[in-house]
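Student: Pasting the sequence and the predicted coordinates here, then a few questions.
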Amino acid sequence: MRMSVLFVQTLREYPSDAEVISHKLLVRAGYIRKLANGIYNYLPLMWRVLKKIENIVREEMDKAGAQEILMPFVQPAELWQESGRWDVYGKELMRLKDRHSREMCLGPTHEEVITSIAREGIRSYKQLPVNLYQIQSKFRDEIRPRFGLLRGREFIMKDAYSFDIDEAGLDKSYQIMADAYKRIFERCGLETKMVQSDSGAIGGSVSHEFMVLVNEDSENNAGENDVFYCPKCGYSANSNHAVSLLKEALTDGKFGKAQIVDTPNTHSIEELSKFLNIPATVICKTLIYVIDGKYVAALIRGDRTIEETKLMNAFQGNEIRIARNDEIEEIMNNSGFSAVAGFIGPKGLKGVEIIADETVKDLKNFVIGINQNDKHLTGANWGVDVELPSKICDIRLAEENDKCVECQSELKVTKGIEVGNIFKLGTKYSKAMSATFTDKDGSEKPFIMGCYGIGISRTAAAAVERHHDEHGIIWPVAIAPYKVIVVPVSDQDETQMSVAESIYQKLLNAGVEVILDDRAERAGVKLKDADLIGIPYRITVGKTIKDNLVEFKERASNITENITPEQAIDRIIAM
RNA sequence: CGGGAUGUAGCGCAGCUUGGUAGCGCACUUCGCUUGGGACGAAGGGGUCGCACGUUCGAAUCGUGUCAUCCCGACCA
C-alpha cells in the first residue's frame, strides 16, 4: 500500500474527549472515528487489525472443531420472550419496532437464536456434540459507554455455542474452548490470565474470564476489573467472584455487658470506630439494598465491604442498588423506627429480608445499630441481644492480602481487561425454549449448552493498552495492519526513491504486507507517522544508500541496524 | 439515575465578564523554498458559534428550555 493513497488522517494532538491511551492513540493515529456515543467507524488500518484478530480466532476455532455461521443482527422479540429474557434484560437491550409494530431487538448476544437453530436442526444424540460460532457486531445500550473501543455500545464479538449430550460432554467442550482461547490470545501477542468469574443467577454454573492484566501504575484505569490472584497456587478470580480467608482480627469487643450508648453523629463505621475507640472489626454494619424491588438488609463486619454481585446472586436477583434515603425512611416508618443511615440494625425491621456475611457470625460483644439515631448497642451477642440471621453467605469483597482459600498464601490484586469469557450454560436456554434431542435410550433431553465469547474490537484496544510508548502504538506483529513500512527520507533524492520503490516491489512480490511512504513530506513527518501508526518494522532509505546501506528498525525494541537492502528484504521475509 | 463540566472550521483552542455580526495553531488548496524526527514564506478555501425560544435596534456573548458530549459516583450505614 502506498501511503499517498492510504485513507488515514493522523492528528498532531490527542482528541479531547478521550481518556484512556488506546482510545487516544487509535483516534490520533487514524484508526477509528467516533460516529456517536460508544459507536465507532473502523477505518482501513483498524479494519485490517480487526481482520487479523478475526482470522486468528477463526483458525483456532476451526482447529477446535467449531463451525462458523452468521446469525441475524436483528432478532424478533418472541424468542426473547420464550427464554424469559425479554423482561429481565433491561435497558441494555436495544428494542425497536418494525413497520407492522412487531417488537424486535438488536442482538446483544445470541443464545436465543442459536437455541432455536439447534432445536430445529438437531434431533439426535448422533449429531452431538456440536459447536457453532460467529463473528459479528453486537449492540448493547450500555449505561455509560467509555474508553473508546474498550466499552462501546456497538462492538465486534466472536460468540460460540456448544451443544452436548451431558455434563461430561460440556466439560470437555468447555476445556477445548479454554485451550483454544489461550492460544488465540497468545497468538495475538497478549498475555492473559484465565480467572474464575461470576456466573450470574444461574446456580451451579461455571464461568471463566480471560483477562489482559494492566499495570496499576499505567497512566489510566483502562482495566475495569479487579482480579485477585494467588502468586503461589495460581488461584485467580474476578472480584465479583473471588473468595478468601480472613486474616486474624479482633472479633471480641470485650464490652462486659450489653448496653445502649450515645454515639452522636457517627454516620460511618470510621466515625463510630473512632468515637468508641474500638477497631472496626468488632462492629457489625447493616446496609439496606434494593434487589429487584425488594428490600434487603445485609450485615457484614465493619472493616469489610459488600460485593454487590455476590449479594444479588444470594437472592437470585437481576438488579441491585443501595437503598435511597427515602426508602430507608419508608422502612423505618413501617417498622416503627425513625433512624437514618448509620444507625440501622437488623432487629425489628419489617418488610426486609436479612442476610449476613460469614464475617459476622463469630463476632462477640460487638457493636451494632439499633434503629435509634445517635445510639448504638455495644457488647451485643448473637442469640442474646440480636438474632443471628438464618441466611449466611459469602457476600463480601475480597481484599488484597486476604488468604487464599486453596493454599493460605496472601492474595494479590491487579487490574484487568476482560477480552474473553467462557460459560457453562447447562440447560437454561434449552429448557426454557424446549430445545431437545433424542438420546440413545429414546428419551427426549434438553441440550447441555456452553457459550464462549471474545471481544474482537476490545482485544485490539487491549493490545494497544499493553503495547505502546510515548511515540505511539506498537502492534504485536501478528495483528499489525502492515508488517513493515519503507520510508525514503527525501522524495527529492532519486536514488533513495528508486531503492525504496524496489524494496517495496520485492516485498510485495514476496507477499509481505508493506507500506511505502511515498508522500512528498519531510522526513520528520514520515518518521513520526510510522511510529504513531505502530508498524512493527521500518526500513529507512537515507543518505547511507550511497554505501548501499539502509536502516532497519524494530519498533518495539528501538534497535536499529544499517544493512543492505537485500539483507533487509531477506530479514523481513524470514520473519 | 445522581453530581460536575463542556459544546465556536476536520483536530486542538481563544473570544463571552463589559452584546456591535468571528479569530489563532494544526490540517486542507496553490506557489516558492526545504528534506534523518511533526520546517519556513506568501496567497487562499472552509464555520446558520449544538438546537429552540426569549431579551435587545443588534446575541457566539445575556436569560429560559432542550439536545449532545466528557468526567466522577453507583464501595456509603
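Tutor: Received, thanks. Residues are numbered from 1 along each chain as shown, chains lettered A, B, ... in the order given.
Student: In chain A, what residue comes closest to RNA strand B?
Tutor: residue A:542 (1.9 Å; C-beta to the nearest atom of the strand). C-beta here means a position set from N, CA and C on the backbone, and glycine is covered the same way.
Student: List phi and psi for that residue.
Tutor: Backbone torsions of residue A:542, given as degrees, to the nearest 10, read phi -130, psi -150.
Student: how about the nearest residue to it, chain neighbours excluded?
Tutor: Nearest residue to residue A:542, sequence neighbours excluded (C-beta to C-beta, 6 or more residues apart in numbering): residue A:489, at 4.1 Å.
Student: Got the confidence number for the one you found?
Tutor: Looking at residue A:489, its pLDDT stands at 96.
Student: Please name the residues that touch it.
Tutor: A:496, A:523, A:526, A:540-543 (C-beta atoms under 8 Å, 6 or more residues apart in numbering).
Student: Return the subset of the residues you listed lying in helices.
Tutor: A:496, A:523, A:526 (DSSP state H).
Student: now these in JSON lines, with neighbour count, pLDDT and distance to residue A:435?
Tutor: Listed next are those as JSON lines, based on neighbours: other C-beta atoms under 10 Å; pLDDT from 0 to 100; distance: C-beta to C-beta, whole Å:
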{"residue": "A:496", "neighbour count": "22", "pLDDT": "96", "distance to residue A:435": "65"}
{"residue": "A:523", "neighbour count": "15", "pLDDT": "95", "distance to residue A:435": "63"}
{"residue": "A:526", "neighbour count": "22", "pLDDT": "97", "distance to residue A:435": "57"}
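Student: among those residues, which are in reach of RNA strand B?
Tutor: residue A:523 (C-beta under 7 Å from any atom of the strand).
Student: What residues does the stretch 301-450 of chain A have near RNA strand B?
Tutor: So the stretch 301-450 of chain A meets RNA strand B at A:302, A:305-306, A:321-323, A:325, A:328, A:341-344, A:369, A:397 (C-beta under 7 Å from any atom of the strand).
Student: Let me know the closest of the residues you listed to residue A:361.
Tutor: The closest of those to residue A:361 turns out to be residue A:302 (C-beta to C-beta; 14.3 Å).
Student: Would you format the ones in helices among the contacts of residue A:489 as TSV with distance to residue A:145 included?
Tutor: Output for the ones in helices among the contacts of residue A:489, formatted as TSV (distance: C-beta to C-beta, whole Å):
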residue	distance to residue A:145
A:496	46
A:523	39
A:526	35
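Student: of all the ones in helices among the contacts of residue A:489, which comes closest to residue A:227?
Tutor: Checking the ones in helices among the contacts of residue A:489 one by one against residue A:227 (C-beta to C-beta), the nearest turns out to be residue A:526, at 40.6 Å.
Student: Can you give me every residue that contacts the closest one?
Tutor: Residue A:526 touches A:3, A:487, A:489, A:517, A:519, counting by C-beta under 8 Å, 6+ apart.
Student: Check the last one and give its pLDDT.
Tutor: Note on residue A:519: pLDDT of 94.
Student: Over to the one 10 residues further on?
Tutor: For residue A:529, the pLDDT comes out at 97.
Student: Give the helix, strand or coil label for it.
Tutor: helix (DSSP: H, G, I helix; E, B strand; the rest coil).
Student: In strands, which of the contacts of residue A:526 fall?
Tutor: residue A:487 (DSSP state E).
Student: which of the contacts of residue A:526 sit farthest apart?
Tutor: A:3 and A:489 (13.8 Å).
Student: Tell me where the model's unsure across chain A.
Tutor: Under the criterion pLDDT under 70, the flagged ranges of chain A are A:199-204, A:215-223.
Student: What residues sit buried inside stretch A:98-111?
Tutor: Neighbour-count burial for stretch A:98-111 flags A:104-111 (criterion: 16 or more other C-beta atoms under 10 Å).
Student: got a list of what the one residue sitting closest to the centre of chain A touches?
Tutor: Closest to where the C-alpha atoms of chain A average out (C-alpha atoms, centre = their mean) is residue A:418, at 2.8 Å. Contacts for residue A:418 (C-beta under 8 Å, 6+ apart) come out as A:209-211, A:224-225, A:238, A:455, A:458.
Student: Can I get those residues in CSV including secondary structure?
Tutor: Listed next are the contacts of residue A:418 as CSV, based on three-state DSSP:
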residue, secondary structure
A:209, strand
A:210, strand
A:211, strand
A:224, coil
A:225, strand
A:238, strand
A:455, strand
A:458, helix
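Student: now those: which count as buried?
Tutor: By 16+ other C-beta under 10 Å, the contacts of residue A:418 give A:209-211, A:225, A:238, A:455, A:458 as buried.
Student: Take these and write them to TSV, including distance to RNA strand B.
Tutor: Listed next are the buried ones among the contacts of residue A:418 as TSV, based on distance: C-beta to the nearest atom of the strand, whole Å:
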residue	distance to RNA strand B
A:209	16
A:210	20
A:211	16
A:225	10
A:238	11
A:455	18
A:458	15
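Student: Name the nearest of these relative to residue A:247.
Tutor: residue A:238 (21.4 Å).
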